[in-house]
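S.K.: output the structure for:
(one chain, ligands or ions: 2)
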Amino acid sequence: MSVIELSAEVRAAVQRGAPVVALESTIIAHGLPRPRNLRVAGELEAIVRAGGAVPATIAVLDGVPHVGLDAAQLERVANDAAMRKLGHRDLAPAIAARASGATTVSATAFLAARAGLRVFATGGLGGVHRDWTTTQDESADLRLLARTRITTVCAGVKSILDIPATLQRLETLGVGVIGYRTATFPGFYLHSSGQPIDWTVREPAEVAAVMRAQDALDGPESALIVANPVPEDEQLDPQLHDRVLAEALHAAAREGITGQAITPYLLDHLVRHTGGASLEANLAAVRGNVRLATAIAAEWARAV
Ligand code: PSU
Ligand code: MN
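M.R.: Ligands and ions are numbered 1, 2, ... in the order given. Reported below is the predicted structural model:
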């Protein structure tokens, strides 16, 4: 018996090979302001359903890792201020302590893969922080994705990070990165970070073909990152972005914010100092990622 609990709907879908899309919960609990976060959580699940797939939002509740949440569980993730932020390494202590928490990309990707899911949508991955030479702060997302066979659709990595250093780490770790209808790595709030990427696909079926090739090679069980930019007309104004981000980084340094707290702090700072514009860009990116992940999951279910 696994310690991981699949909802009845997700279990049935996995058993019959129907498309399922994993969704993370840290973005709900710690990445978006209340009460909008609960609406967004429901909206993302609805996008998956509209595309003919089953949504599987993942979180740990009272020590049980859940893959697929009901409405009451989703509400708890969104509204319970005591929800912790759980990376992959936090899962075992959280289970033992019967704790509750939202899962980051690293914990979500791990649990999704263990539950038999292959496609996962998030906003932006964690990565190498700008002050990494002194803090050694590199998100656990990267190393976990180097060891987990899951296709992760994202709008790049959050622009609060050192993007060239993050792309370099992904190369070193052997994680595949393909651009969806783009030849540059997206900049999360921004359509493009300006950093080139080596591979571009144009259709969900092409992503499924890459996934099949990964499996056929039978190499190390690494992820596939599908980098899907926010549409240009929904991105944050780049000048506003650069200015407010610089202020946010200063404020974080001044207040001595580090570790797990830094990403939520910076995201929140951007929301408040862009009059909510960064939130709209963030949501546009996440919605687009969930839509694309759903189409990929459908192609994958057809293919296998
Ligand atoms: N994408 C978003 N908002 C978020 C995150 C992703 O649009 O809040 C979360 C993810 O859960 C990711 C985490 O794993 O931020 C990275 O946190 P850290 O830098 O502490 O690893
Ligand atoms: Mn970190």
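
S.K.: buried ones in the longest strand belonging to the chain?
M.R.: Using DSSP state E to define each element, the chain has its longest strand at strand 54-61. For strand 54-61, the neighbour count (16 or more other C-beta atoms under 10 Å) marks Val54, Pro55, Ala56, Thr57, Ile58, Ala59, Val60, Leu61 as buried. All C-beta atoms are positioned from the backbone trio N, CA, C, and that covers glycine.

S.K.: roughly how far apart are the last one and ligand 2?
M.R.: Going back to what we said before, that points to Leu61. Per C-beta to the ion, to the nearest Å, Leu61 is found 24 Å from ligand 2.

S.K.: hang on, the earlier thing: check which helices and strands the helix or strand that the longest strand of the chain is followed by sits against.
M.R.: Proceeding C-terminally, strand 54-61 gives way to strand 64-67 as the next helix or strand, assigned by DSSP states H and E. If you count contacts as 3 or more C-beta pairs under 8 Å, 6 or more residues apart in numbering; DSSP states H and E, strand 64-67 packs onto strand 5-6, strand 54-61, helix 91-96, helix 105-114.

S.K.: give me the residues contacting strand 64-67.
M.R.: For strand 64-67, contacts defined as C-beta atoms under 8 Å, 6 or more residues apart in numbering pick out 3-7, 10, 22, 56, 58-60, 73, 91, 95, 103, 111-112, 115, 117.

S.K.: flag every buried residue along that strand.
M.R.: Pro65, His66, Val67.

S.K.: how about stretch 96-115?
M.R.: 99-113, 115.

S.K.: then stretch 252-261?
M.R.: Buried, per 16+ other C-beta under 10 Å, within stretch 252-261: Ala252, Ile257, Gln260.

S.K.: hang on, the first one packs against Leu270?
M.R.: Okay, so that is Ala252. No - look at Ala252 against Leu270 with C-beta atoms under 8 Å: they stay out of range, at 11.2 Å.

S.K.: can you give me the end-to-end span of stretch 150-170?
M.R.: One end of stretch 150-170 to the other measures 15 Å (C-alpha to C-alpha, to the nearest Å).

S.K.: is ligand 2 within reach of that stretch?
M.R.: No - Stretch 150-170 is not in contact with ligand 2 by C-beta under 5 Å from the ion; minimum separation 9.6 Å.

S.K.: thanks a lot, catch you later.
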